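> Below are the sequence and a predicted model for it; my questions follow.
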Amino acid sequence: MTGGPTGPTATPAEDARLVLNPTSGEADHAERVRQLAAEHGFSVVETERAGHAADLAAAAAADGVDRLAACGGDGTIHEVVQGLVAADALEDVPLCVIPAGTANIYASGLGIENIEDGFAAARRGATRRLDVGVADGEPFVLSAIAGLLASASTATSERLKERIGTLAFVVEGIRTAREFDGLEVAIDAVSDDQEYVWEGEALCLLVGSLRRFTDEDEPSNAENGQLKVTVIDRLPPTDAIAEAVEQRVFDRETPHVTTIEAAELEIVALEDEPVRFSLDGEPREYERVEIGVRPRALRVCVGEAYASRQ
Ligand SMILES: Nc1ncnc2c1ncn2[C@@H]1O[C@H](COP(=O)(O)OP(=O)(O)OP(=O)(O)O)[C@@H](O)[C@H]1O
């Protein structure tokens, strides 16, 4: 005997919720997203202030949702993941990403290029478990960058981004920077059971969990439990660009750009001032910061392009 759709043995309807940041990007997506969300069975909760997405995500996890979607830019995804961690539900609730920000780097790494793609990925339901970085206890999905950086991130050309991945932002930062004093830092990282120590003046420092995420023909290594750490020595900006590109595009060792993979590292500011970071694009300051990774802790709905690359 089986019950009807509403009978006692019917499968309970899935509880899918979408956290919508109506202010991200051009702020012209809310109406369309509400409609598509309704068509795909997501109830919608909307942010009313910065930081609100974390609270809404934590509340959704506490309510036991089966799926959670984050609609906004990278900052919104960052907050939603923060909320899942706060609710101790990071590993339990699959995340769908609906890109509606300015740059949408995380979504594009997942092979999700627009809002419709995001809902299509949610509908298909193919998920992967991806690494999540942690800086000073705060989760990040994309990168922690210090030094010459982030302000230029949205100006970075798509083409450059495709070719060299996240480092494109640094290159763009170097290009647009007028003057930069360098970061006096000490870095202590553990890589393949070996300790790596670096101390000096860096032009920039980039820690990412989504390394070469946008390269075609190469599996993502957002699933290897390692963070890619790139340190560019302080050197004239044009040389730094040339070396960064050379190393990244041609996979060559270069003298002033150091790249390692590490599961954990500590960065200490050697000057009186804390080091300013951009954590998934959100500003943070640390005098000393421990950065680690929760390997494959986040289950994410991926686009077809990502799924087929595995
Ligand atoms: N209702 C709201 N009012 C004002 N700010 C908000 C609201 N909801 C979220 N925010 C803030 O908006 C900021 C920007 O969001 P987000 O990064 O998602 O979009 P974006 O900057 O347009 O895109 P991207 O980061 O992809 O370039 C976040 O720091 C978030 O805290």
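The structure has been received and is ready for your questions. Numbers count the residues shown, from 1 in each chain.
> what are the phi and psi angles of residue 49?
Main-chain dihedrals, residue 49, degrees, to the nearest 10: phi -160, psi 170.
> can you pull the contacts of it?
If you count contacts by C-beta atoms under 8 Å, 6 or more residues apart in numbering, residue 49 has none. C-beta: built from backbone N, CA, C; applies to glycine.
> give me that answer again for 10 Å
23, 55 (C-beta atoms under 10 Å, 6 or more residues apart in numbering).
> Which positions in the stretch 201-310 of the chain make contact with the ligand?
281-282 (C-beta under 6 Å from any ligand atom).
> Do a quick rundown of the helices in the stretch 201-310 of the chain.
237-250, 304-309 (DSSP state H, counting those that start in this stretch).
> Select from these the stretch with the lowest mean pLDDT.
Within these, the stretch with the lowest mean pLDDT is helix 237-250, showing a mean of 67.
> List the neighbouring strands of the helix or strand containing residue 145 plus their orientation.
Residue 145 is part of strand 143-147 when elements are defined by DSSP states H and E. When sheet partners are counted by DSSP bridges, strand 143-147 sits next to strand 194-208 (antiparallel), strand 275-279 (antiparallel).
> Can you tell me which of those strands is most buried?
strand 275-279 (a mean of 22; mean count of other C-beta atoms under 10 Å).
> Please save the CA atoms from that strand in CSV.
This file holds the C-alpha atoms of strand 275-279, laid out as CSV (Å, rounded to 0.1, in the frame of the first residue of the first chain):
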residue,chain,number,x,y,z
VAL,A,275,48.4,43.2,7.6
ARG,A,276,45.3,44.1,5.6
PHE,A,277,43.8,41.1,3.8
SER,A,278,40.9,40.6,1.5
LEU,A,279,39.0,37.5,2.5
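> So what's the gap between that strand and the chain middle?
Here strand 275-279 is found 14 Å from its chain centre; the criterion is C-alpha atoms, centre = their mean, to the nearest Å.
> Any chance you could list what contacts that strand?
Contacts of strand 275-279 from elsewhere in the structure, counted by C-beta under 10 Å, 6+ apart, are 75, 78, 133, 135-136, 138-147, 149-151, 153, 169, 173, 183-185, 202, 205-207, 267-269, 283-289, 291.
> Next, the buried residues of stretch 42-57.
42, 44-47, 52-57 (16 or more other C-beta atoms under 10 Å).
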